[in-house]
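Engineer: prediction below, plus the sequence it came from.
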There are 2 protein chains.
Amino acid sequence: MAAEVKPASPPLTRRQEARRRRILDATTLLACRGGFDAVQMREVAEEAGVALGTLYRYFPSKVHLLVATMRDQLEHLHTTLRKRPPASDSPAERVAETLLRAFRALQRDPYLADAMVRALTFADRGVRDEVDGVIGRTTAIILDAIGPSIGPQGPTPEQLSAVRVVEHTWHAALITWLSGRATIAQVKSDIETVCRLIDLTT
Amino acid sequence: MAAEVKPASPPLTRRQEARRRRILDATTLLACRGGFDAVQMREVAEEAGVALGTLYRYFPSKVHLLVATMRDQLEHLHTTLRKRPPASDSPAERVAETLLRAFRALQRDPYLADAMVRALTFADRGVRDEVDGVIGRTTAIILDAIGPSIGPQGPTPEQLSAVRVVEHTWHAALITWLSGRATIAQVKSDIETVCRLIDLTT
DNA sequence: CGACAATCTAGAACAAGTTTCAGAGTTGTT
DNA sequence: AACAACTCTGAAACTTGTTCTAGATTGTCG
């Protein structure tokens, strides 16, 4: 059944690295223009200067591609956050501050957010590894914000559950905002509400 | 704002009512077999004994169709719940009990759950009305479970925010379970965790 | 009943994600 | 430099959601 050892694909050559980057950049560009629907595989390939088959070799589906793009963006964000970490007093406030800052960044490119988040929540079992990458990055960002309130042995199961709930709320609240069913104020309120759980477990 | 009068489409004839029902039943059947991907519009039409064009007249997209199916299922659930309401002591426990019961029901047909929840979270602005229907039903179920702790003037904004967070977690936790990234135990734990927010606001 | 409008059917056609394949280009090895 | 193995390209084909059309059926109202 599932073992399916990842073949630890050989490191990419410089040209391959460049192709991959061109693909991700093309995806971001198209996503910024019109969200999930505007990211069309043929157009991504053309914009990246790559054959369609090659695009599919690098990213086996549109969802893989967009989730990888999200991971890429999260890496930027994490870097930025490390330079200017949240300054609030309680862990809950720091997490809320972090997420609200990320939310503000997403508001600048709502279409890009649409493409990434819809792909993330639509992803099925076949995209597990890539989604795990995104979730792992997100978790790391939140744990960083919680900071020293995490015991020396790492977070407790209760803390991890609270972090998962925060992430669930984060993604689902974004979806409701992106599909026009919640206002920005409601999203902010929901983020602040769910972050109260953090203090309950620290 | 947002008036957007629904044209109050003329009441359906008996045969139309029956067609609609056949379509929803066919959708449920196919969804139970293989989830979102197994619900193929041509097959739904054939199974329901209806032309493809007719299917699209009743439900303008696959997502509309699946969200309508979800609403249909939620109505069943709500009816069942009214007959045997949760019996726990605190509001939070009653909400958790309700959701865990629903979760148990979904575990019996994980493929159906997959089809419905993926459609719900993937839905875009064009499906707003239908999604609002589902969210409204869900909210009603949760408010019922909270019960008399809700003041006479209806829930406060804080309570509504907490309910939204519970719903966010509910949907997102289901997604992670369905895509094999969380265990049943984790989902249960997350539901119990988020329900603690209910007591904080009552 | 008869006429008119709305609805339904069957099937073709179109759009975008995905797969496939033959041939050209690269890369690494010796 | 020559070979094998892998990668990339270009283009066609296939799949499934969605749209469109022409003709048959149904429902309503005089």
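Structural biologist: Cool, the structure landed. Because the structure is a prediction, the values reported are computed rather than measured.
Engineer: who in chain A is up against DNA strand C?
Structural biologist: Remark: the part of chain A in contact with DNA strand C comprises A:13, A:15, A:37, A:39-42, A:52-53, A:56, A:60-63, using CB under 7 Å from any atom of the strand. Quick note: C-beta positions are derived from backbone N, CA and C, even for glycine.
Engineer: can you show me the helices along chain A?
Structural biologist: A:14-38, A:41-48, A:52-58, A:62-83, A:91-108, A:110-122, A:128-146, A:157-178, A:184-200 (DSSP state H).
Engineer: closest to B:I141 out of these?
Structural biologist: helix A:157-178 (17.0 Å; CB to CB).
Engineer: check the offset of the closest one from the chain's centre.
Structural biologist: A distance of 12 Å separates the centroid of the chain from that of helix A:157-178, by CA atoms, centre = their mean, to the nearest Å.
Engineer: helices or strands next to that helix in the packing?
Structural biologist: Where contact means 3 or more CB pairs under 8 Å, 6 or more residues apart in numbering or on different chains; DSSP states H and E, helix A:157-178 is packed against helix A:91-108, helix A:110-122, helix A:128-146, helix A:184-200, helix B:157-178, helix B:184-200.
Engineer: ok, back up a step: buried members of the residues of chain A next to DNA strand C into PyMOL, please.
Structural biologist: For the buried members of the residues of chain A next to DNA strand C, the matching PyMOL selection, counting by 16 or more other CB atoms under 10 Å in any protein chain shown, is:
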select buried, chain A and resi 39+61+62+63
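Engineer: sort the residues of chain A next to DNA strand C by pLDDT and name the bottom one.
Structural biologist: Lowest in pLDDT among the residues of chain A next to DNA strand C is A:T13, which has 84.
Engineer: tell me how far that one lies from B:Y111.
Structural biologist: Shown here: A:T13 relative to B:Y111, a distance of 42 Å by CB to CB, to the nearest Å.
Engineer: same list (the helices and strands packed on helix A:157-178) but as a markdown table, adding mean pLDDT and mean neighbour count.
Structural biologist: Formatted as a markdown table, those follow (pLDDT from 0 to 100; neighbours: other CB atoms under 10 Å in any protein chain shown):
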| stretch | mean pLDDT | mean neighbour count |
| --- | --- | --- |
| helix A:91-108 | 97 | 19 |
| helix A:110-122 | 98 | 24 |
| helix A:128-146 | 97 | 19 |
| helix A:184-200 | 96 | 20 |
| helix B:157-178 | 97 | 23 |
| helix B:184-200 | 96 | 20 |
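Engineer: of the ones you listed, which is nearest B:M116?
Structural biologist: helix B:157-178 (9.2 Å).
Engineer: pull the CA atoms of the closest one into CSV?
Structural biologist: Only the C-alpha atoms of helix B:157-178 are listed here, as CSV (Å, rounded to 0.1, in the frame of the first residue of the first chain):
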residue,chain,number,x,y,z
PRO,B,157,-21.6,39.7,18.5
GLU,B,158,-19.1,37.8,20.5
GLN,B,159,-21.2,34.8,20.6
LEU,B,160,-21.7,35.0,16.9
SER,B,161,-18.0,35.3,16.3
ALA,B,162,-17.4,32.2,18.5
VAL,B,163,-20.0,30.3,16.5
ARG,B,164,-18.4,31.3,13.3
VAL,B,165,-15.0,30.0,14.7
VAL,B,166,-16.7,26.8,15.6
GLU,B,167,-18.0,26.4,12.1
HIS,B,168,-14.7,27.3,10.6
THR,B,169,-13.0,24.6,12.7
TRP,B,170,-15.7,22.1,11.9
HIS,B,171,-15.3,22.5,8.2
ALA,B,172,-11.6,22.7,8.1
ALA,B,173,-11.1,19.8,10.5
LEU,B,174,-13.4,17.7,8.3
ILE,B,175,-11.2,18.6,5.3
THR,B,176,-8.0,17.6,7.0
TRP,B,177,-9.6,14.3,8.1
LEU,B,178,-11.0,13.6,4.6
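Engineer: now do that helix against helix A:110-122, angle only.
Structural biologist: 60 degrees (axes from the mean of the first three to the mean of the last three CA atoms, to 10 degrees).
Engineer: could I get the helices and strands packed on helix A:157-178 in a markdown table, plus columns for distance to B:D89?
Structural biologist: Putting these into a markdown table (distance: least, CB to CB, whole Å) gives the following:
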| stretch | distance to B:D89 |
| --- | --- |
| helix A:91-108 | 27 |
| helix A:110-122 | 34 |
| helix A:128-146 | 31 |
| helix A:184-200 | 19 |
| helix B:157-178 | 18 |
| helix B:184-200 | 11 |
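Engineer: for these, which one sits closest to A:A31?
Structural biologist: helix A:110-122 (3.8 Å).
Engineer: and that closest one, how far out from the chain middle?
Structural biologist: 9 Å.
Engineer: what's the closest of the helices and strands packed on helix A:157-178 to A:E167?
Structural biologist: helix A:128-146 (5.6 Å).
Engineer: elements contacting that closest one?
Structural biologist: Using 3+ CB pairs under 8 Å, 6+ apart, helix A:128-146 is in contact with helix A:62-83, helix A:91-108, helix A:157-178.
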